[in-house]
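A.B. asks: Sequence and predicted model, in that order:
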Amino acid sequence: MPGWNMRSTTAVRSLVLVLLGLATTGTARSAPLPADFVYLRDIDPTIIQDMRYATANNFVGHRLNGYEAGECIVTRRVGNALAGVQRDLVPRGLSLKMYDCYRPQRAVDDMYAWAQDGHEVKAQKLYNPKMSKKDLFRLGYIARHSGHSTGKAVDLTIVPLPEPKVPPFDPKADYGDCTQDASVRAPDSSVDMGAGYDCSDEKAHTASKAITPDQRKWRDTLVSAMGKQGFVNYDMEWWHFSLPGEGNTAYDFPVARHP
């Protein structure tokens with residue numbers, strides 16, 4: 001019976017398409033995070049995210065290996081502490097903005113390979129204007145084994161609310177280096193901390209005396225707000241904080257998009 005055969009064929013094709021759709025959907029979903037890791041947006045979606053290593057707007061100049069999406073992933077304990085900082089800042093018309101959170105080990109390896117490749121270009125000197133990039137690990141600006149890979153370290157800043165609108169990053173623009181005035185550096189909605197994010201220079205040291213009183217006030221505000229929740233600042237980088245405690249295992253799962 002031709003009619004029966006046609007209906008049967010159509011039904012089989014429909015079933016195959018449904019199964020293929022389910023398989024494709026399953027593949028597209030993000031893999032579950034390791035135990036105790038969470039997407040920060042699931043704990044506090046009000047915290048602004050500007051995840052630089054998922055873009056070319058960083059000191060390496062390309063998206064780092066392992067950053068498949070611009071998402072902040074941290075341990076639940078760190079996420080809850082960040083939410084506490086945010087609750088302190090928002091009534092003051094301020095917000096945290098995340099630059100980096102969990103960092104896969106493969107991204108750290110990517111940084112190391114870049115630092116050792118022997119090529120110095122002008123764009124990269126925007127972040128380390130006074131030294132060779134091969135010295136960044138030796139001088140402590142980048143770690144071969146990063147606390148970020150444990151989920152306990154974060155890079156962040158403060159922005160005023162509502163967040164100012166700034167022009168998009170232009171990789172071809174002739175920006176000033178990270179130690180220059182904020183008006184000539186790459187655009188950032190952050191308050192002026194006196195040196196740009198990921199700046200490998202003494203001016204980026206948290207206690208630097210080469211900054212203005214207003215810039216000092218903003219750094220003190222950030223350190224104080226983070227300190228109330230137990231975070232400890234790394235003195236060579238005003239933006240880097242970690243939450244001491246258990247769990248020092250370095251992970252290498254990719255930063256995938258939020259499911």
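C.D. replies: Now that the structure is in, tell me what you want to look at. Numbering: from 1, shown residues only.
A.B. asks: those strands in the stretch 51-200 of the chain, which residues are they?
C.D. replies: Per DSSP state E, counting those that start in this stretch, the stretch 51-200 of the chain carries strands over the ranges 73-75, 94-100, 153-160.
A.B. asks: List the contacts of the second one.
C.D. replies: If you take C-beta atoms under 8 Å, 6 or more residues apart in numbering as the criterion, strand 94-100 is touched by 40, 46-53, 72, 82, 85-86, 89, 148, 154-161, 163, 189-190, 197-198, 221, 239. For glycine as for every other residue, the C-beta is placed from the backbone atoms N, C-alpha and C.
A.B. asks: related to what we said a few turns ago, tell me which of the strands of the stretch 51-200 of the chain is the most buried.
C.D. replies: Mean neighbour count (mean count of other C-beta atoms under 10 Å) peaks for strand 73-75 among those, with a mean of 25.
A.B. asks: I'd like to know which elements that strand is packed against.
C.D. replies: strand 37-39 (3 or more C-beta pairs under 8 Å, 6 or more residues apart in numbering; DSSP states H and E).
A.B. asks: tell me what the helix or strand following the strand it packs on is packed against?
C.D. replies: Next in sequence after strand 37-39, counting helices and strands by DSSP states H and E, comes helix 40-43. With contacts defined as 3+ C-beta pairs under 8 Å, 6+ apart, helix 40-43 has these neighbours: helix 76-89.
A.B. asks: Rounded mean pLDDT for the helix it packs on, please.
C.D. replies: Taken as a whole, helix 76-89 carries a mean pLDDT of 98.
A.B. asks: For the stretch 1-150 of the chain, which segments are assigned as helices?
C.D. replies: In the stretch 1-150 of the chain, the helices defined using DSSP state H, counting those that start in this stretch lie at 2-28, 40-43, 76-89, 105-115.
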